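K.L.:
Predicted model and sequence below, questions to follow.
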Amino acid sequence: MLKVQPLSLYIHIPWCVQKCPYCDFNSHAFGKGKGQQDIPETQYVQALIKDLDDDIKRFNLANRQLHTIFIGGGTPSLFSAEAIGDILNQVKSRFIIDEARFEVTLEANPGTVEADKFSGFAKAGVTRLSIGVQSFESDKLIKLGRIHDSNQAKRAAEFAHQAGIKSFNLDLMHGLPDQNLTNALDDLKTAIALNPDHISWYQLTIEPNTAFHSKPPELPQDETLWSIQEEGVKLLEEAGYHQYEISAYAKNNKQCQHNLNYWRFGDYLGIGCGAHGKITDDTSGKIYRTVKVKHPKGYLEEGRAALDHLNEVEHAELTFEFMMNQLRLKEPFTLSHFSQSTGLDSKALLTQLEKAQAQQLVEKQGDSWQVTAQGHRYLNELLTQFL
């Protein structure tokens, strides 16, 4: 039986100082060396709220409870604290909010912040920062096209501790050009020493339509990558960071609730340039996905609707979509959760799970199913079971 899912909101702010060569996100450089005034901040905030109001009306979401907000990009920390506060106040006025448990995450670049700006974000209602460090080695940062250096990365973490933000994440990459095991673990040790509540630690991959794809850098060999992964996970666990998702490690009760809602196949609105959303209509039993106009020029065009695509997710796709998200998590799941999230009968899924169980990719624990260590290692092969 399909049930209404927890609701989150993703807000996309598309501008960056410059485009990183590995980045395939919808981000637009506004010109190196130019000032923040080149970003149409006020106009974009107005467009975001209109976009939100259109979605609320489209999906009949008035008075629905909202659990989390994630402001991503691009580089949201280019916006002023006043603009972020305006967005959050307007969003909160449109939903039921439990302030004691409400999570608001803002992505920040160490090269675009200072102490008073972090304090301003906290006063505006941000409860969690995600700081895009990527590496603490200056030569690696240069190769990754980052605008900050190692010292700025460390200072950003210190500012987060001082600003009154409830929680913060350090975003770190491994498998970087010319990186060896020692380099990668040193980066991780530096991050741990800065004592964030959460560390996102993931391998650099070369994506289509990026500068790295057209001119690939030399990356570590597979053997080195596997050693980095194995040794890094041990280091994080010993420091009290528990892996709860493929690339997410958190201290007790400090998991990112917004991302957990994604991976548990919850609902989320997506507003802003190119933002994606997924909404369950429990009345019709249909699940919809939305995509907004990608380019800022089109998104801000007067009289143009922000919605670019609205598609119903076909029943034939739902099992794979659910498993693609759920299997990223270390936590077990039940067949009843699958049925409540998708509206589908779990009999077909059970057959597929039993086949994966025979291959030692998943295991049954009472009424729950859990991905094994081998299943996480060969996740792509596991996912093919549910196509």
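P.N.:
Sure, I can see it.
K.L.:
in stretch 294-314, what counts as buried?
P.N.:
Of the residues in stretch 294-314, 294, 296, 299-300, 306, 308, 313 count as buried by neighbour count, 16 or more other C-beta atoms under 10 Å. (C-beta placed from N, C-alpha, C; glycine too.)
K.L.:
How far off centre is it?
P.N.:
Centre-to-centre, stretch 294-314 and its host chain are 21 Å apart (C-alpha atoms, centre = their mean, to the nearest Å).
K.L.:
before we move on, what about stretch 113-130?
P.N.:
Its chain's C-alpha centre and that of stretch 113-130 lie 18 Å apart, by C-alpha atoms, centre = their mean.
K.L.:
What of stretch 342-354?
P.N.:
On C-alpha atoms, centre = their mean, the centre of stretch 342-354 falls 27 Å from that of its chain.
K.L.:
And the contacts of that stretch?
P.N.:
Stretch 342-354 is contacted from outside by 1-2, 265, 285, 287, 315, 318-319, 322-323, 335-336, 338-339, 362, 364, 369, 385-386, using C-beta atoms under 8 Å, 6 or more residues apart in numbering.
K.L.:
pLDDT below threshold where in the protein?
P.N.:
Low-confidence segments of the chain (pLDDT under 70): 31-37.
K.L.:
phi, psi of residue 64?
P.N.:
Dihedral pair for residue 64: phi -80, psi 150, per degrees, to the nearest 10.
K.L.:
and it, how far is that from residue 267?
P.N.:
The gap separating residue 64 from residue 267 is 9 Å, by C-beta to C-beta, to the nearest Å.
K.L.:
now swap in residue 179 and tell me
P.N.:
Applying C-beta to C-beta, the value for residue 179 to residue 267 is 38 Å.
K.L.:
OK, contacts around the nearest residue to residue 80 once chain neighbours are set aside?
P.N.:
Nearest residue to residue 80 in three dimensions, chain neighbours excluded: residue 41, at 6.7 Å (C-beta to C-beta, 6 or more residues apart in numbering). Going by C-beta under 8 Å, 6+ apart, residue 41 touches 79-80, 83.
K.L.:
where along the stretch 251-387 of the chain do the helices fall?
P.N.:
Using DSSP state H, counting those that start in this stretch, the helices of the stretch 251-387 of the chain run over 257-263, 296-299, 315-326, 335-342, 347-358, 373-377, 379-383.
K.L.:
no no, the stretch 51-200 of the chain
P.N.:
With DSSP H, counting those that start in this stretch as the criterion, the stretch 51-200 of the chain has helices spanning 81-92, 115-124, 138-143, 150-162, 181-193.
K.L.:
Now the first one: buried residues?
P.N.:
Residues of helix 81-92 classed as buried under the neighbour-count rule (16+ other C-beta under 10 Å) are 81, 83-88, 91-92.
K.L.:
As TSV, the residues you listed with distance to residue 329 would be great.
P.N.:
As requested, the buried residues of helix 81-92 are exported to TSV (distance: C-beta to C-beta, whole Å):
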residue	distance to residue 329
81	33
83	34
84	29
85	33
86	34
87	29
88	28
91	27
92	28
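K.L.:
Closest to residue 11 out of those residues?
P.N.:
residue 87 (6.7 Å; C-beta to C-beta).
K.L.:
Contacts only, for that closest one.
P.N.:
11, 45, 48-49, 71.
K.L.:
try it again with 7 Å
P.N.:
Counting by C-beta atoms under 7 Å, 6 or more residues apart in numbering, residue 87 makes contact with 11, 45, 48.
K.L.:
Does residue 282 touch residue 4 like I think?
P.N.:
Yes - counting by C-beta atoms under 7 Å, a contact exists between residue 282 and residue 4, whose distance comes to 4.9 Å.
K.L.:
Which residue lies nearest the spatial centre of this protein?
P.N.:
Taking C-alpha atoms, centre = their mean, the centroid of the chain lies closest to residue 259, which sits 5.8 Å from it.
K.L.:
quick revisit: weed out the non-buried ones from the contacts of stretch 342-354.
P.N.:
2, 265, 287, 318-319, 322-323, 335, 338-339, 362, 369, 385-386.
K.L.:
circling back to that earlier point, now, the contacts of residue 87 that are in helices?
P.N.:
Counting by DSSP state H, the contacts of residue 87 place 45, 48 in helices.
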